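>>> quick one: sequence plus predicted model below, questions after.
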Amino acid sequence: MKQSEIQNLSETELRDKLSELQNTYAELKSAHAISPIENPLQIRNTRRAIARVNTQLRKIELQQL
């Protein structure tokens, strides 16, 4: 997910996306622990997407202060 896509989302959409990404990340990590997944770069990309969403949520939070 690109930063430009994240910036267009509302706060509730961002929170929903964050929980979705966190679930995906947990599933990828557990699947990779059992047997190597086909594309391990998915783990890194998901982790970075989580960081982008968290950053955008923090920006929104600071603007409301």
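Nice, thanks for sending it over.

>>> number of nearby residues for L62?
Applying other Cβ atoms under 10 Å, we find 8 other residues in the vicinity of L62. For the C-beta atoms, the positions are set from N, CA and C on the backbone; glycine is no exception.

>>> for the helix or strand harbouring it, the distance to its chain's centre please.
Secondary structure here is read from DSSP states H and E; on that basis L62 sits in helix 41-64. Using Cα atoms, centre = their mean, to the nearest Å, the distance from the centre of helix 41-64 to the centre of the chain it belongs to is 6 Å.

>>> what does it contact?
Helix 41-64 is contacted from outside by 1, 3, 6-7, 9, 11, 14-15, 17-18, 21-22, 24-25, 28-29, 32, 37, using Cβ atoms under 8 Å, 6 or more residues apart in numbering.

>>> and stretch 27-36, by the same measure?
Residues lying outside stretch 27-36 but in contact with it, judged by Cβ under 8 Å, 6+ apart, are I37, P40, Q42, I43, T46.
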